[in-house]
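K.L.:
sequence and predicted structure below; questions after.
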Amino acid sequence: MSEQELKALRVRIDSLDEKILQLISDRARCAEEVARVKMASLAEGEQPVFYRPEREAQVLKRVMERNKGPLGNEEMARLFREIMSSCLALENPLKVAYLGPEGTFTQAAAMKHFGHAVISKPMAAIDEVFREVAAGAVNFGVVPVENSTEGAVNHTLDSFLEHDMVICGEVELRIHHHLLVGENTKTDSISRIYSHAQSLAQCRKWLDAHYPNVERVAVSSNAEAAKRVKGEWNSAAIAGDMAAGLYGLTRLAEKIEDRPDNSTRFLMIGNQEVPPTGDDKTSIIVSMSNKPGALHELLVPFHDNGIDLTRIETRPSRSGKWTYVFFIDFVGHHRDPLIKGVLEKISQEAVALKVLGSYPKAVL
Ligand SMILES: O=C(O)C(=O)C[C@]1(C(=O)O)C=C[C@@H](O)C=C1
């Protein structure tokens, strides 16, 4: 390519950027207007609701449907995700608590779902995220709920039994783990590997093959593992890209998770119910009496109505020895007439039924 051609293309890019700039500014002004309309239409004593997950899902889906490339659908939606995040911040910036410290996969999930224009607050434990939302100190919380290799995150499920929370969204993240070392690490003398227990489990086979005799130390998060390694010459950490970048560590081995499709699902929790979008999921907690066939009775209405169950998890109920609650996710919104009927049927058989929320299926 000649210098001349390159120059001409850059002139074209400058001109397109000017147009994009103008269009983004016009869109941001529109969002400001939306905020004004929302404020003007409030009833006496009503609080404005600026964040509309159902609308955001619709905007992102539309972008993906209309995208003709060359950028991929996900890439394009990510760009619009950030534009919308900034537009919302103009209306009213969201405050979001997540399972910290900084650099965790949960922070990455929060950014994937809400974009970067939020005020984010790292919390030391899952239960603290729930408490922060319950206290009204933040608008939303982000917590991990299940991993494709290791299964349920029990702390999260148990926290739902203790707090009244509404689930307003979900996001899935591919989890890639790396073996990270600091500048001063003597890589041939590693005697200790730090990580969160779930991550150590997700890399068990790789560790058995490559570091069979090295001590594995479970710490509160992957980011905490990365932080510790920075000051020690004989240790390494298993963590992801964000933690590596944050603590300036280098990758001794990349993508060491045992399963290449290793993914974690996260939930957004808050106090706000989300209206139907036509492509939703619902999460419920049900406790049944401890008698033979109780689980069968619970599942029959789903089967009879052709409702797609996406997950079922069992936890001790905490209110009696050997009694259990079921966490169930299924496709549909609790306001859909079909789902309403199923929930009514279940509540006739159940000791207790709680709808944790209906929310748009993850778009990104
Ligand atoms: O449509 C709205 O209600 C808006 O506030 C606008 C907008 C957007 O930028 O498109 C911004 C934030 C909401 O969460 C959803 C959409």
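P.N.:
Arrived safely, thanks for sending. For clarity, every value in this text was computed on a predicted model and none was experimentally measured. Numbering: from 1, shown residues only.

K.L.:
measure F160 to the ligand for me?
P.N.:
From F160 across to the ligand, the span is 24 Å (C-beta to the nearest ligand atom, to the nearest Å). For glycine as for every other residue, the C-beta is placed from the backbone atoms N, C-alpha and C.

K.L.:
what mean pLDDT does the strand or helix carrying that residue get?
P.N.:
For F160, the element it lies in under DSSP states H and E is helix 154-162. Confidence over helix 154-162 (mean pLDDT, whole number) is 94.

K.L.:
partner strands of the following helix or strand past that helix and their direction?
P.N.:
Downstream of helix 154-162, the first helix or strand assigned by DSSP H and E is strand 166-174. Sheet pairing of strand 166-174 (DSSP bridges) gives strand 263-270 (antiparallel).

K.L.:
off-centre distance for stretch 243-252?
P.N.:
In terms of C-alpha atoms, centre = their mean, to the nearest Å, the centre of stretch 243-252 is set 22 Å apart from its chain centre.

K.L.:
could you dump the helix holding F160 to CSV, C-alpha only?
P.N.:
Coordinates of each C-alpha in helix 154-162 appear next as CSV, following Å, rounded to 0.1, in the frame of the first residue of the first chain:
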residue,chain,number,x,y,z
ASN,A,154,-23.7,-22.5,47.3
HIS,A,155,-23.0,-19.2,49.1
THR,A,156,-25.1,-17.4,46.5
LEU,A,157,-28.0,-19.9,46.7
ASP,A,158,-28.0,-19.7,50.5
SER,A,159,-28.0,-15.9,50.5
PHE,A,160,-31.2,-16.0,48.5
LEU,A,161,-32.8,-17.9,51.4
GLU,A,162,-31.8,-15.1,53.8
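
K.L.:
next, the buried residues of that helix.
P.N.:
H155, T156, L157, D158, S159, F160, L161 (16 or more other C-beta atoms under 10 Å).

K.L.:
tell me the contacts of the last one?
P.N.:
So the one you mean is L161. Neighbouring residues of L161 by C-beta atoms under 8 Å, 6 or more residues apart in numbering: I285, R315, S317, R318, V325.

K.L.:
7 Å instead?
P.N.:
R318, V325 (C-beta atoms under 7 Å, 6 or more residues apart in numbering).

K.L.:
repeat that for the third one.
P.N.:
Applying C-beta under 7 Å, 6+ apart, we find L157 in contact with E313, R315, F327.

K.L.:
which of these tops the neighbour count?
P.N.:
F327 (21 neighbours; other C-beta atoms under 10 Å).

K.L.:
could you check how far it is from A77?
P.N.:
Distance from F327 to A77, counting by C-beta to C-beta, to the nearest Å: 29 Å.

K.L.:
looking at the contacts of L157, which are in strands?
P.N.:
E313, R315, F327 (DSSP state E).

K.L.:
lowest pLDDT pick from those residues?
P.N.:
Within the ones in strands among the contacts of L157, pLDDT is lowest for R315, at 90.

K.L.:
need the contact list for it.
P.N.:
Taking C-beta under 7 Å, 6+ apart as the test, what R315 contacts is N154, L157, D158, Y324, V325, F327.

K.L.:
quick one on the thing from earlier: the ones in strands among the contacts of L157 into CSV, with extra columns for distance to C30?
P.N.:
As requested, the ones in strands among the contacts of L157 are exported to CSV (distance: C-beta to C-beta, whole Å):
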residue, distance to C30
E313, 42
R315, 45
F327, 40
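
K.L.:
low pLDDT regions in the stretch 1-150 of the chain?
P.N.:
1 (pLDDT under 70).

K.L.:
that one: strands as residue ranges?
P.N.:
95-99, 119-123, 140-147 (DSSP state E, counting those that start in this stretch).

K.L.:
nearest to L21, of these?
P.N.:
strand 119-123 (25.3 Å; C-beta to C-beta).

K.L.:
between the closest one and strand 140-147, what angle do the directions make?
P.N.:
What separates the directions of strand 119-123 and strand 140-147 is an angle of 50 degrees, with axes from the mean of the first three to the mean of the last three C-alpha atoms, to 10 degrees.

K.L.:
partners of strand 119-123 in the sheet?
P.N.:
Counting by DSSP bridges, strand 119-123 is paired with strand 95-99 (parallel).

K.L.:
identify the residues contacting the partner strand?
P.N.:
106-107, 110, 114, 118-123, 126, 129, 132-133, 138-144.

K.L.:
can we see that at 8 Å?
P.N.:
104, 106-107, 109-110, 114, 118-123, 125-126, 128-129, 132-133, 137-144, 221.
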